[in-house]
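J.: What follows is a predicted protein model with its sequence.
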Amino acid sequence: MATHWPQNWVDLPLAVIDVETTGLDPKEDRIVEIGIIRFENREVVERYCKLVDPERDLPEDTTRITGIKPEDLVGAPTFSEIAKEVSDRLQGVGLVAYNLSFDRGFIQNELERCGLSWPAESPTLDPLIFARQFFKNSRRKNLATISALLGIPLEEAHRADHDAEVAGKVLFAFEDKLPQSLDQLLILQGQWEAAQSQAMSGWKSFDNNFASLGGAEVGLGPAYIYGDETDPLRALFSSVPEAKDPIPQL
């Protein structure tokens, strides 16, 4: 790990990022809004949010989820026009996002189209990994659910700046449960992420086999995939109407 990062993670300036997009594939879909909220000493010190012209039609699903309409993007810059100012805000800071792989994938691809790159040397933190660990009995672990459980208001879900700011606040809400050392936190995060991925991978294998036997007919789907339900047995029980209430404590 680079020696210029502070010893304790709470002393690390953080750029908390969130993107809204035209779809789920970072190689094919594009960003329509990006928010970068900078935290220093647990406080917001800069807010950056831009609507982005995706240079393609805006899907109805994006409008339904985010509230962003095609007319809102008239006159908005393309990503190439803001790439440098986005890149500048990612330098020399810790990078945070709720479901980091999603946001990183989109930003990384957008930057690469512009001849820039994601700062691979920067420490990265994903509050979703910690939420999965600390709220194992919660049926849902998306940002809206976890922030509500923590008493953190989320005024406009699925708008980049609001989601980014709340993701940062969720991270700091876990401070007392996490090691102070940045090195130790990154190691712990990696261990938890690996264990969670392995658990979900095993369940998806079972799900595929179950579906081949007719399980798909009871509504099994990606409810437990990263960012939504992450406990496989709870996903199974919640998919069967007779078992929805009460949901077993697992």
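T.: Received it, and whenever you're ready, just let me know what you need.
J.: tell me the SS of residue 84?
T.: What DSSP: H, G, I helix; E, B strand; the rest coil gives for residue 84 is helix.
J.: ok, it - how many residues close by?
T.: By other C-beta atoms under 10 Å, 12 other residues sit near residue 84. No exception for glycine: its C-beta is placed from N, CA and C like everyone else's.
J.: residues touching the closest residue to it other than its chain neighbours, list them.
T.: Spatial nearest neighbour of residue 84, chain neighbours left out: residue 116 (7.4 Å); criterion: C-beta to C-beta, 6 or more residues apart in numbering. Shown in contact with residue 116 (C-beta atoms under 8 Å, 6 or more residues apart in numbering): 83-84, 87.
J.: Next: residue 154.
T.: Residue 154 sits next to 143-144, 147-148, 162-163, 166 when contact means C-beta under 8 Å, 6+ apart.
J.: ok, now how distant is it from residue 145?
T.: According to C-beta to C-beta, to the nearest Å, residue 154 and residue 145 sit 10 Å apart.
J.: before we move on, what about residue 55?
T.: Distance of residue 55 to residue 145, computed by C-beta to C-beta: 33 Å.
J.: Compare the two (neighbour count), which wins?
T.: residue 145 (16 against 11).
J.: I'd guessed residue 44 sits against residue 36; true?
T.: No. Counting by C-beta atoms under 8 Å, residue 44 does not reach residue 36; the two are 11.1 Å apart.
J.: More neighbours: which of these two?
T.: residue 36 (26 against 14).
J.: which residues sit in contact with that one?
T.: Residue 36 makes contact with 15-17, 46, 48-49, 86, 89-90, 164, according to C-beta under 8 Å, 6+ apart.
J.: Helices along this protein, start to end?
T.: All helices of the chain, identified by DSSP state H, fall at 60-66, 79-88, 100-113, 127-134, 143-149, 160-173, 182-212, 232-239.
J.: so how far is stretch 155-173 from its chain's centroid?
T.: Between the centre of stretch 155-173 and the centre of its chain there are 10 Å (C-alpha atoms, centre = their mean, to the nearest Å).
J.: hang on, I meant stretch 180-199
T.: Counting by C-alpha atoms, centre = their mean, stretch 180-199 is centred 16 Å from the centre of its parent chain.
J.: That stretch: which residues count as buried?
T.: 182, 185-186, 188-189, 193, 196 (16 or more other C-beta atoms under 10 Å).
J.: Got the domain ranges for this protein?
T.: Per the record, the chain has its domains at 9-182, 193-243, by automatic domain parsing.
J.: That's all I had, so thanks and see you.
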